[in-house]
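In: below are the sequence and a predicted model; questions follow.
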Amino acid sequence: MKKWLVTTMVAALFVVSACGGANKGAGTENPGNATNAPTNNASGNANEGTTGAEDIVPEEGASLLVWESKEERPFVEAIAKEFTEKYGIDIKFEEIGAGDQVNKLVTDGPAGLGADVVLFPHDNLGKAVTAGLILPNDFYEEQSRSANSEIAVNAVSYDGVLYGYPRSVETYALFYNKALIKEVPKTFDEIVEFAKTFNDPKNNKYALMWDVGNFYFSYPFISTGGYVYGDNGQNKDDIGLNTEGAIKGLSYYGSLKNSLLPLNSGDINYDIKKGLFTAGTLAMDINGPWTIGDYRNAGIDFGVAPLPSINGQPASSFSGIKAWYVNSFSKYPNAARLFSYFASTKEAQLKNFELTGAIPANKEAAADPAVQSNEIVKGFLEQFNQSTPMPSIPEMGNVWSPIGAAFSDVWNNGKDAKAALDNAVQQIKDANNGAAAK
């Protein structure tokens, strides 16, 4: 799940659309052509469809290589054609999965083989920055900050420096079968009440399922009073997974095995949920946009709504943001900046939504009638507005296993929530300190 299932999400959303802060310094000393970094910001309109009179000046004779996944080819080719027609700069496209690009750039970047412009989910940002692989979004910083969702901007920033040119967003939400749910529950307590009359385990009937053993999907129970890392996910020394609020949330999570979903975590996975939902015996499912195609193809009349509240608090989901980034080893960093901005404007993001179904990060694009009139996409956008970007620092890799084990112990074995979380946090601290020592 750390790769965010980006490719399947884009393919699924295509079905939907067819149917209906900034400190300079850290990260600015790059081993590539950072000496060509511009010293001023553009002052054009942040929401212009094409860049304004204050465009950066591309290098003479520049040509660019862009990496993106094959599902995004329709959009990349369309926007590249517009860019070439306007600026006379040739664009070549190479299919590289979004989740694989940073690892590939580690070797290809210094060798001069990497793409000038790359596109990856924000949880890989910390690794890219600490390895000196990408340049800050400096020339178009003001435009990118003002035009896009604050959540998206924060997610593609590292140590206060904006690196990404936000393009699309994703999270998970509540799917519900309209034939079984007359009014969407607003709280988990309401779902528990519904389950009392709906659940029939012998016949595989359940009110709600989610991947209870996967911290990615179960983070909402921590979100109602806890957090992973402080300072917007940037401070590895501030771990909020065992706060009083987090403990209360995990205790409530553990109680749901008896009152809502009497199965062990190992007995719940994507295929099982899909089978039950499409068979009409699962009323609700917490899942992401990548599920849309399967449910629609099964002929289910379903809707998507924000997650129900937990213990009286809004349930925040993990979210991911895809953005363009400029390779610090590019021979043409100015041309790469120009393309990254051009391909992330309001109009570009609306074109991407039209061609692939990707949900815009741009505020005006997300508010466009073409997006808002799609009720399913609107449901995901509402949840995104109360989401938490997954931390992008390298130490996030130390969280998954310990916290996953804590959730599993509470759900499957009835372990005390405080003891489980305290143990997980100590393991994370030990791993973080060990990584720092190295």
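Out: Here it is on my side, so go on. Residues are numbered from 1 along each chain as shown.
In: hey, let's count contacts and neighbours off CA atoms from now on
Out: OK.
In: report pLDDT for D294.
Out: Predicted confidence (pLDDT) for D294: 86.
In: name the SS class of it, please.
Out: Secondary structure assignment for D294 (DSSP: H, G, I helix; E, B strand; the rest coil): helix.
In: same thing with I321?
Out: Secondary structure assignment for I321 (three-state DSSP): strand.
In: again with K236
Out: strand.
In: residues near it, how many?
Out: 19 (other CA atoms under 10 Å).
In: also M396?
Out: Taking other CA under 10 Å as the criterion, the count of residues near M396 is 21.
In: quick check, it in a helix?
Out: Yes: with three-state DSSP as the criterion, M396 is part of a helix.
In: now do the contacts for it.
Out: For M396, no residue meets the contact criterion (CA atoms under 8 Å, 6 or more residues apart in numbering).
In: looking at it, K186 is touching S309, isn't it?
Out: Yes: with contact defined as CA atoms under 8 Å, K186 reaches S309; the gap is 6.3 Å.
In: next secondary structure after the lowest-mean-pLDDT helix or strand in the chain?
Out: Least confident helix or strand, the chain: helix 6-19 with a mean of 39, by mean pLDDT, DSSP states H and E. Next helix or strand after helix 6-19 toward the C-terminus (DSSP states H and E): strand 63-68.
In: what about the longest helix anywhere in the chain, distance to the chain center?
Out: Counting residues, the longest helix found in the chain (DSSP state H) is helix 417-437. Averaged C-alpha coordinates place helix 417-437 at 25 Å from its chain's average position (CA atoms, centre = their mean, to the nearest Å).
In: pull out the buried positions in it.
Out: 417-418, 420-425, 427-429, 431-432 (16 or more other CA atoms under 10 Å).
In: from these, which is closest to P262?
Out: Using CA to CA, A417 comes nearest to P262 of the buried residues of helix 417-437, at 18.2 Å.
In: what sits against the closest one?
Out: Counting by CA under 8 Å, 6+ apart, A417 makes contact with I247, K248, L250, S251, G254, A406, V410.
In: number of nearby residues for the fourth one?
Out: If I follow you right, that is S251. S251 has 21 neighbouring residues, counting by other CA under 10 Å.
In: for V102, give me its contacts.
Out: Here V102 is in contact with F120, N124, K127, A128 (criterion: CA under 8 Å, 6+ apart).
In: check the second one and give its pLDDT.
Out: When you say that, I think you mean N124. N124 is assigned 88 on the pLDDT scale.
In: and for the third one?
Out: Predicted confidence (pLDDT) for K127: 89.
In: now I181: closest residue in space, sequence neighbours ignored.
Out: Nearest non-adjacent residue to I181, counting by CA to CA, 6 or more residues apart in numbering: A283, 6.8 Å away.
In: which strand or helix spans K248?
Out: Assigned by DSSP H and E, K248 belongs to helix 244-259.
In: same check on F175?
Out: strand 173-177.
In: all helices of the stretch 151-300 of the chain, in order?
Out: Remark: helices assigned in the stretch 151-300 of the chain by DSSP state H, counting those that start in this stretch are 188-198, 215-218, 220-223, 230-233, 244-259, 270-279, 292-297.
In: and K186 and S309? Which one has more around it.
Out: Using other CA under 10 Å as the criterion, K186 and S309 rank with S309 on top: 19 against 15.
In: which residue comes closest to that one once chain neighbours are left out?
Out: Per CA to CA, 6+ apart, closest to S309 is T187, 4.5 Å.
In: turn the buried residues of helix 417-437 into JSON lines, including pLDDT.
Out: JSON lines is the format used below for those (pLDDT from 0 to 100):
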{"residue": "A417", "pLDDT": "98"}
{"residue": "K418", "pLDDT": "98"}
{"residue": "A420", "pLDDT": "98"}
{"residue": "L421", "pLDDT": "98"}
{"residue": "D422", "pLDDT": "98"}
{"residue": "N423", "pLDDT": "98"}
{"residue": "A424", "pLDDT": "98"}
{"residue": "V425", "pLDDT": "98"}
{"residue": "Q427", "pLDDT": "97"}
{"residue": "I428", "pLDDT": "97"}
{"residue": "K429", "pLDDT": "97"}
{"residue": "A431", "pLDDT": "96"}
{"residue": "N432", "pLDDT": "94"}
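In: from these, pick the one nearest P201.
Out: Once CA to CA is applied, the member of those that ends up nearest P201 is A417, at 26.2 Å.
In: now for the residue nearest to I181: which residues touch it?
Out: Applying CA under 8 Å, 6+ apart, one finds that A283 lies in contact with Y176, N177, L180, I181, Y206, A207, L208, F277.
In: can you rerun that using 10 Å?
Out: When contacts are counted by CA atoms under 10 Å, 6 or more residues apart in numbering, A283 touches 175-181, 194-195, 198-199, 205-209, 276-277, 302.
In: do K248 as well
Out: Contacts of K248 (CA under 10 Å, 6+ apart): F221, I222, T224, G225, G226, N242, G254, N311, A417, K418.
In: same question, I393
Out: Taking CA under 10 Å, 6+ apart, we find I393 in contact with 122-130, 158-159, 229, 233-236.
In: what's the farthest-apart pair in the residues you listed?
Out: Comparing every pair within the contacts of I393 by CA to CA identifies A128 and Y229 as the most remote, at 18.9 Å.
In: I'd say the residue nearest to S309 and L174 touch.
Out: No: contact criterion CA atoms under 10 Å: T187 and L174 do not qualify, at 11.6 Å.
In: joint contacts of the two?
Out: The contact sets of T187 and L174 overlap at L307, P308 (CA under 10 Å, 6+ apart).
In: give me the more crowded residue out of those two.
Out: More crowded of T187 and L174, by other CA under 10 Å: L174, with 23 against 17.
In: that one bridge partners, please.
Out: Judged by DSSP bridges, the bridge partners of L174 are I286, A305.
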